[in-house]
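Visitor: Need a 3D model of the sequence below.
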Amino acid sequence: MRAGIAKIAATVLIGGMVVIPWASVAGAAPAAPGSFSGTAAGDALVVSLGGNKLVGGDSTAADDNTPSADATGAGELLPVLTGSQHATSTTASSSQILPQVCGTPPVPSLPAPLGTLLSLGLGCGSAQSAVDGNGLPSSTGSGTAASINVGVGNLLTQVVTAGSPLAGALQTLFGALPALPAGGIDLSTLLTQLGVSAASTTGLLSVNAGSSTSAVTTTASTVTATSSESGATISLLQGAGAGGGPAVTITVGKASSAATLDRGAGTATATDNPALATVTVSSPLTPAQTITLNVGASDTVLAGTPLESTISVGSGTTSQSGGTATATSHGVTLDLLTGVDGGIVIDLATGTATVNGVAPATVPVTPPNVTAAAPVTAAAPVTAAAPVTAAAVPNVTAVHTGEPWAGSLPLAASALALGIAMVWRRRLLSVAGCIAQHLPGSGRGGNGSV
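Guide: So this is what the prediction gives:
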């Protein structure tokens, strides 16, 4: 019977382990990686001269889960690339690091007088990419803008007449002007009379832009894309201000954009930090004056003259929804020297960062070496196992059937009980005889008679 019970219990336990215990512990394994991508791009300097577009300090970075890491950094993007690097990695435990290279871009063909007045400095770029042993990509690109200088040329021969817009602008800048002769006076002579050496007025415009850096980094839990642009300095009428400095100095601060993806939750956020600008006006005869231009503000200097310039500060924008987020920092736009062949338009410190991703999928766990049981609608009735007949023992005639009362065990018990009864009968008869001998009237002992 014991063997039969054990057999039934084993059957029930095995069935329970397949259907019940694993059902209680099975569930979600560690999440499988979700898809993701991140991109960043920035420009430290974009210049438009006479319909020709020059881009300085350009950078890009892009990562995704394939895995792929890609980055570029360029000093100038002209018809001929100079100071440019491009790095890419697409396999685990791979990397590419390209150091900074620099070059002087060719001067584009421009209409007079800009074509003869323009000079460009060095532009530099660097890039690096990597995919680590876990397949997590990262990339960084950096570009440094080339400096731009626009010379004076024959602009100083321009005649200044009383009441003209140029005379009004100079009066605002320098204060009282000496009496202007009939028919006017050329600008070079007038500057000399104001104590400004015409020879020291070496340029109309000088731009020293900073750099742009774009990066995307990936960890097991996040993807972060960033674009940051360093500041720039623009000078107008170099040598015409106090101490031989520029008459107008425009300083542009740093700008940055960032977007981050939470890979586990599949949610993304974005932040922006647009650039600000300050404008300083200086002359040998008046104290310097500085104003700060906040987001969305603009200011015009040297209005009504060929050197009229407008500075406009952009704003930042963000958008985020679910697993997608984008941040853009609009930079500073300079519309300079509008009276010189259409002028020069400069965009500084503009960047964009974007991330996109899908939350990881949950992977069900199947117990090792056990096939998941099909859903059970009702338990099958269990039939009691038939008695198990014990194997025959040699030289024993009685066979134990498996029950306590079966086989030779009852016979042995009966014989033992019978022996005990016989012993107790004999002892009882002996005791009874002794008692009878001492009773009155018995023929033995005592002192009575009949």
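Visitor: what's around residue 285, how many residues?
Guide: Using other C-beta atoms under 10 Å, residue 285 has 12 neighbouring residues. Quick note: C-beta positions are derived from backbone N, CA and C, even for glycine.
Visitor: quick one: what helix or strand has it in it?
Guide: Secondary structure from DSSP states H and E places residue 285 outside every helix and strand.
Visitor: was I right about it contacting residue 194?
Guide: Yes: Residue 285 sits in contact with residue 194 when judged by C-beta atoms under 8 Å, with a separation of 7.0 Å.
Visitor: give the contact list for the closest residue to residue 167 other than its chain neighbours.
Guide: Sequence neighbours aside, residue 160 is the residue nearest to residue 167 in space, at 5.3 Å (criterion: C-beta to C-beta, 6 or more residues apart in numbering). Residue 160 is in contact with 166-167, 170, 180, 184-187, 190, counting by C-beta atoms under 8 Å, 6 or more residues apart in numbering.
Visitor: give me that answer again for 7 Å
Guide: Residue 160 is in contact with 166-167, 170, 180, 184-185, 187, 190, counting by C-beta atoms under 7 Å, 6 or more residues apart in numbering.
Visitor: List buried members of those residues by neighbour count.
Guide: 166-167, 170, 180, 184-185, 187, 190 (16 or more other C-beta atoms under 10 Å).
Visitor: Kindly indicate which of those lies nearest residue 147.
Guide: When these are ranked by distance to residue 147 (C-beta to C-beta), residue 187 comes first, at 25.1 Å.
Visitor: For residue 194, see how far away that closest one is.
Guide: For residue 187, the distance to residue 194 equals 10 Å [C-beta to C-beta, to the nearest Å].
Visitor: Would you mind splitting this protein into its domains for me?
Guide: 1-27+364-388, 36-357, 390-427 (automatic domain parsing).
Visitor: Where does pLDDT dip in the stretch 301-450 of the chain?
Guide: Within the stretch 301-450 of the chain, the segments meeting pLDDT under 70 span 306, 339-342, 361-450.
Visitor: what about 50?
Guide: 372, 388, 390, 393, 396-403, 405, 412, 424, 442-450 (pLDDT under 50).
Visitor: hmm, back to that, quick check: the residue nearest to residue 167 vs residue 179, distance?
Guide: 12 Å.
Visitor: Quick check on residue 192: phi, psi?
Guide: Phi and psi for residue 192, reported as degrees, to the nearest 10, are phi -60, psi -40.
Visitor: How many residues are close by it?
Guide: Residues lying near residue 192 (other C-beta under 10 Å) number 16.
Visitor: Show the pLDDT at it.
Guide: If you check residue 192, the pLDDT there is 71.
Visitor: just checking, residue 167 is part of a helix?
Guide: Yes: per DSSP: H, G, I helix; E, B strand; the rest coil, residue 167 lies within a helix segment.
Visitor: so who does it touch?
Guide: Here residue 167 is in contact with 160-161, 177, 180 (criterion: C-beta under 7 Å, 6+ apart).
Visitor: Secondary structure, distance to residue 221 and pLDDT added to these, as JSON lines?
Guide: Below are these laid out as JSON lines (DSSP: H, G, I helix; E, B strand; the rest coil; distance: C-beta to C-beta, whole Å; pLDDT from 0 to 100):
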{"residue": "160", "secondary structure": "strand", "distance to residue 221": "66", "pLDDT": "82"}
{"residue": "161", "secondary structure": "coil", "distance to residue 221": "70", "pLDDT": "85"}
{"residue": "177", "secondary structure": "coil", "distance to residue 221": "67", "pLDDT": "81"}
{"residue": "180", "secondary structure": "coil", "distance to residue 221": "71", "pLDDT": "87"}
